[in-house]
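**Student:** pasting the sequence and the predicted model now:
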Amino acid sequence: MISETQEVLKISLSGDWSMSGITEKFPQLVQYFERLAGSDACGECQAGSSGGVPEIDLADVTDFDACGCQLLAQFIRNLRHNGIEAQLTNISDAFRSRIQFLGFERELNLPL
């Protein structure tokens, strides 16, 4: 789900982001990407506006594995290619550890 305020554009991900759950997540990310790439978010990011960086909220994600990391990394890579720098928020310690173990911290813009 995408929610917008004047300050931030928030993408709330939820559910199973493991191999068994990502097939249903792909169409959702395509819709998010199309909305972001077609919006003013790209121009806002380039202009340096504080509200221009979309947040990807992982608070409601229940499972996350290498397949979920790859799908999310590709989503963020496509955003970056279109001039949009997204930031992950509400990452549990367990998910952060998996991301680091799998080597996706740079792709997912996590602090090293």
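**Tutor:** Happy to help now that I have it. Numbers count the residues shown, from 1 in each chain.

**Student:** just the buried positions in stretch 54-67, please.
**Tutor:** Buried residues in stretch 54-67, counted by 16 or more other Cβ atoms under 10 Å: Pro54, Glu55, Ile56, Asp57, Leu58, Val61, Phe64, Asp65, Cys67. Heads up, the C-betas are built off the backbone N, CA and C, glycines and all.

**Student:** what's the local residue count around the residue nearest to the fourth one when sequence neighbours are not counted?
**Tutor:** Here the nearest residue to Asp57 in space, its sequence neighbours aside, is Ser12; by Cβ to Cβ, 6 or more residues apart in numbering that works out to 4.6 Å. Counted with other Cβ atoms under 10 Å, residues neighbouring Ser12 total 16.

**Student:** Ser12 belongs to a strand?
**Tutor:** Yes: the assignment for Ser12, made by DSSP: H, G, I helix; E, B strand; the rest coil, places it in a strand.

**Student:** can you list the buried residues of stretch 54-67 in CSV and add pLDDT?
**Tutor:** Below are these laid out as CSV (pLDDT from 0 to 100):
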residue, pLDDT
Pro54, 88
Glu55, 91
Ile56, 93
Asp57, 94
Leu58, 94
Val61, 94
Phe64, 91
Asp65, 93
Cys67, 94
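
**Student:** after the helix or strand of the chain with the lowest mean pLDDT, next one along is what?
**Tutor:** Of all the helices and strands that make up the chain, helix 41-47 has the lowest average by mean pLDDT, DSSP states H and E, namely a mean of 45. Later in the chain than helix 41-47, the nearest helix or strand by DSSP states H and E is strand 55-64.
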